[in-house]
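> 3D model of this:
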Amino acid sequence: MIYNIFQSFFETGGLAVFKYITSRTLISFVTAFFLTLLIGRPLIILLYKKGFRSFERSYGDINAQSKKGTPMMGGIIMFITGIGSAVLWCDLTNPFILMLLASAVWFGLFGGIDDYLKIKNKNPDEGLSRAVKFTIQIMFGAALAAFILIPSISPLSAKLASSFQIPFYKGLLFNSVVFTAQWIVFIIVYSANAVNFADGMDGLAVVPSIFIFIVIGVFSYIIGNVIHAQHLLYYYIPGSGEIAVFCGAIIGAGLGFLWFNTHPAEVFMGDMGSLFLGGTMGTAAVLIRQEVVYIIAGAIFVIEITSTFVQENIGFKMYRRILFRAPLHHHFHHQGMAEAKIVSRFWIISAIMAAIAIITIKFR
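I've put the predicted structure just below:
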């Protein structure tokens with residue numbers, strides 16, 4: 001918004017700081033962070049007073065009752081501050097930003113509905129059904145695929161839109177419209193669910209999400225800059241650099257949320273937060289066509305959702321547990337490892353995988 005308001009001054013040299021993506025990325029980060037600190041406490045108190053409190057599942061030997069009564073649906077804090085900062089500092093005429101905002105609203109809205117139903121029914125298993133959640137995710141994935149693949153509305157070239165790229169390889173691996181459409185839907189469904197499954201311990205989901213948004217922001221800036229893209233042999237995508245400003249806002253909101261969510265958590269993000277983060281990061285990765293890089297950076301989320309899939313679809317069908325509990329963080333907790341140690345080690349792995357994802361920029 002501020003970018004659009006003062007755009008006319010750029011040509012005369014005034015307020016040039018708002019012209020540059022790097023400046024607005026850092027400003028959006030700082031804005032979102034301090035907004036989160038400013039409104040976080042009042043919103044947490046409001047959520048508690050209104051009865052938006054968690055109802056923990058029973059995990060047998062794992063005592064989760066100490067978390068009972070903690071305010072949940074805290075994702076609304078990140079949603080307000082992250083999207084608020086993005087609206088302030090992003091170019092609102094940019095099609096990439098408009099799609100990211102649509103993603104944020106879509107997943108934030110249905111995540112909030114899911115949290116509300118759980119709280120209303122006083123049962124963590126009585127939110128939106130799994131079928132409804134999958135339908136919501138597939139619908140957005142299909143809409144995003146159409147946005148990418150229909151030439152008349154796509155911000156990407158037809159060749160790049162339907163391509164498949166992998167790290168360490170400079171060219172396009174192959175082109176297929178049918179495969180790309182299915183791949184985009186898969187990425188969105190995977191992304192939303194992976195973050196959701198990982199959100200089971202204080203701070204566990206938000207820090208890996210921050211690392212992923214850093215990676216996506218770096219790639220967006222490079223791919224959206226014609227000089228850097230040509231130098232590093234990436235396909236230049238005009239306008240995609242603006243995604244970095246959006247990522248800066250979400251990183252700031254996530255870091256501010258961590259202020260309240262670190263162990264012992266004062267608030268849980270709930271499905272509103274996890275679906276919001278998962279949906280937007282998956283959308284951002286698709287928009288710059290760097291889905292494999294995203295998967296590498298988000299290895300923790302891959303491990304979490306894979307452990308759940310294996311337990312539910314292989315272990316239970318064999319009438320035996322492959323893990324003590326799923327997702328994987330509950331397996332380690334069941335073995336007696338402290339929650340803080342599990343979360344810290346998952347953060348370390350996330351940092352390493354994010355570094356590996358960024359390394360792929362040069363090793364191609």
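> Could I get the full set of helices for the stretch 251-364 of the chain?
270-287, 291-297, 299-310, 328-334, 339-359 (DSSP state H, counting those that start in this stretch).
> Tabulate those helices (TSV), appending mean neighbour count and mean pLDDT.
To be clear about C-beta, it is placed using only N, CA and C from the backbone, and glycine gets the same treatment. Shown next, in TSV, are the helices of the stretch 251-364 of the chain (neighbours: other Cβ atoms under 10 Å; pLDDT from 0 to 100):
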stretch	mean neighbour count	mean pLDDT
helix 270-287	30	96
helix 291-297	22	96
helix 299-310	20	89
helix 328-334	21	78
helix 339-359	17	95
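> could you dump these to JSON lines with distance to Leu149?
Output for the helices of the stretch 251-364 of the chain, formatted as JSON lines (distance: least, Cβ to Cβ, whole Å):
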{"stretch": "helix 270-287", "distance to Leu149": "11"}
{"stretch": "helix 291-297", "distance to Leu149": "14"}
{"stretch": "helix 299-310", "distance to Leu149": "25"}
{"stretch": "helix 328-334", "distance to Leu149": "35"}
{"stretch": "helix 339-359", "distance to Leu149": "25"}
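> With just CA atoms, put stretch 230-250 into PDB.
Only the C-alpha atoms of stretch 230-250 are listed here, as PDB (Å, rounded to 0.1, in the frame of the first residue of the first chain):
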ATOM      1  CA  GLN A 230      21.100 -14.500 -15.700                       C
ATOM      2  CA  HIS A 231      24.400 -14.700 -13.600                       C
ATOM      3  CA  LEU A 232      23.200 -17.700 -11.700                       C
ATOM      4  CA  LEU A 233      21.500 -19.300 -14.700                       C
ATOM      5  CA  TYR A 234      17.900 -19.200 -13.400                       C
ATOM      6  CA  TYR A 235      14.900 -18.400 -15.600                       C
ATOM      7  CA  TYR A 236      14.000 -14.800 -14.900                       C
ATOM      8  CA  ILE A 237      10.400 -14.300 -13.700                       C
ATOM      9  CA  PRO A 238       9.500 -10.600 -13.900                       C
ATOM     10  CA  GLY A 239       7.800  -9.400 -10.700                       C
ATOM     11  CA  SER A 240       8.600 -12.400  -8.600                       C
ATOM     12  CA  GLY A 241      11.100 -10.500  -6.500                       C
ATOM     13  CA  GLU A 242       8.100  -8.900  -4.700                       C
ATOM     14  CA  ILE A 243       7.500 -12.300  -3.100                       C
ATOM     15  CA  ALA A 244      10.600 -11.600  -0.900                       C
ATOM     16  CA  VAL A 245       8.800  -8.600   0.700                       C
ATOM     17  CA  PHE A 246       5.800 -10.900   1.500                       C
ATOM     18  CA  CYS A 247       8.200 -13.500   3.000                       C
ATOM     19  CA  GLY A 248       9.900 -10.800   5.100                       C
ATOM     20  CA  ALA A 249       6.500  -9.900   6.600                       C
ATOM     21  CA  ILE A 250       5.700 -13.500   7.500                       C
END
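> Could I get the buried residue list for that stretch?
Within stretch 230-250, the residues that count as buried by 16 or more other Cβ atoms under 10 Å are 234-237, 239-250.
> just stretch 97-105 next, same as before
97, 99-104.
> closest to Asn193 among these?
Relative to Asn193, the closest of the buried residues of stretch 97-105 is Ser103; by Cβ to Cβ it sits at 15.0 Å.
> tell me which element the closest one falls in.
helix 95-121 (DSSP states H and E).
> now swap in Ala86 and tell me
helix 75-89.
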